[in-house]
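Undergrad: kindly return the folded structure for what I paste below:
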Amino acid sequence: MDTRRVYRDWVEGQGLVTFAVNVGETDLLVAAPRDLSREALASAARHRATVESYVRSHPRFATSLQPVAAREDAPDIARSMASAAALAGVGPLAAVAGAIAEAVGLDLLQLADEVIVENGGDIFMRTRTRRVVGLYAGRSALSGKLGLVIEPEQTPLGICTSSGSFGHSLSFGAADACTVLARSVALADAVATSLANRIRSAADLGSVLSSSPIPADVVGVFATVDSQVAIWGDIRLTLIDAAKP
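TA: Numbering: from 1, shown residues only. The predicted structure is shown next:
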């Protein structure tokens, strides 16, 4: 997902202030009615430290490619990751970016009524106005030409993308983009990974989306390989101006 375009070209001009927050490998872009960078930094640092501490004492939680149950004494963010991973059939770390984006977003909602947090292409959104989220799909001919229309009543919402053709996340598939909308950002992150892993060619698009068990809290799925597209659920697309500065 081309988050530079989403936030710096569209959201900032619609009444929100954007700012970056970096803690270790966590690189957030946040949009809010006012500068909450200090609060966002504290939140991101706290949640990242919580995940790191849990992983140090339970290393399989970070290395497994299959679901791993969280211990009874696990922190909430680890429980969120484990639950999402179990529903999607992937390892817990597949949900970490979404889980951190959501945790920070929920913290900031205590201070503002509209917040968007992006973490490596995984987005937590609570908006009071219609937003368009630009879709980046790597080598696909559709990359930068389509956007997701998000209505206020759909939020809070997670919007997460997995790809086999760009980005640093592990993927076993060939999808240029598999974008999932879900009530939980951790769940959207995990399901995007799971579905993208199953898409090995354009011919797989329809069958993967129609045959895969998609959790109830998933709102919609957009997937593309080259110029072929498959859509499941509640997805509203719009053309966007790829030449917009």
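Undergrad: now do the helix ranked longest in the chain: which elements does it pack against?
TA: Taking DSSP state H as the criterion, the chain has its longest helix at helix 37-57. Applying 3 or more Cβ pairs under 8 Å, 6 or more residues apart in numbering; DSSP states H and E, one finds that helix 37-57 contacts strand 17-23, strand 26-32, helix 60-63, helix 76-88, helix 96-108. Yep, even glycine has a C-beta here, placed from its N, CA and C like the rest.
Undergrad: and among these, the most buried is which?
TA: Highest mean neighbour count among these (mean count of other Cβ atoms under 10 Å): helix 96-108, with a mean of 27.
Undergrad: contact partners of whichever helix or strand comes after it?
TA: Remark: after helix 96-108, the chain's next helix or strand is strand 115-119, criterion DSSP states H and E. Residues outside strand 115-119 that contact it (Cβ atoms under 8 Å, 6 or more residues apart in numbering) are 1, 3, 6-7, 11, 16, 26-32, 40, 97-98, 100-102, 104-105, 108-109, 123-127, 131.
Undergrad: also stretch 100-113?
TA: 21, 26, 28, 30, 32-34, 36, 39-40, 43-44, 47-48, 51, 77, 80, 115-119, 122-126, 128, 156, 158, 184-186.
Undergrad: drop anything exposed from those residues.
TA: Neighbour-count burial (16 or more other Cβ atoms under 10 Å) applied to the contacts of stretch 100-113 gives 21, 26, 28, 30, 32, 36, 39-40, 43-44, 47-48, 51, 77, 80, 115-119, 122-126, 156, 158, 184-186.
Undergrad: so, low pLDDT: which residues of the chain?
TA: By pLDDT under 70, the weakly predicted segments of the chain are 1-13, 137-144, 164-174, 241-245.
Undergrad: try 80 this time
TA: Scanning the chain for pLDDT under 80 picks out 1-14, 136-145, 163-176, 227, 241-245.
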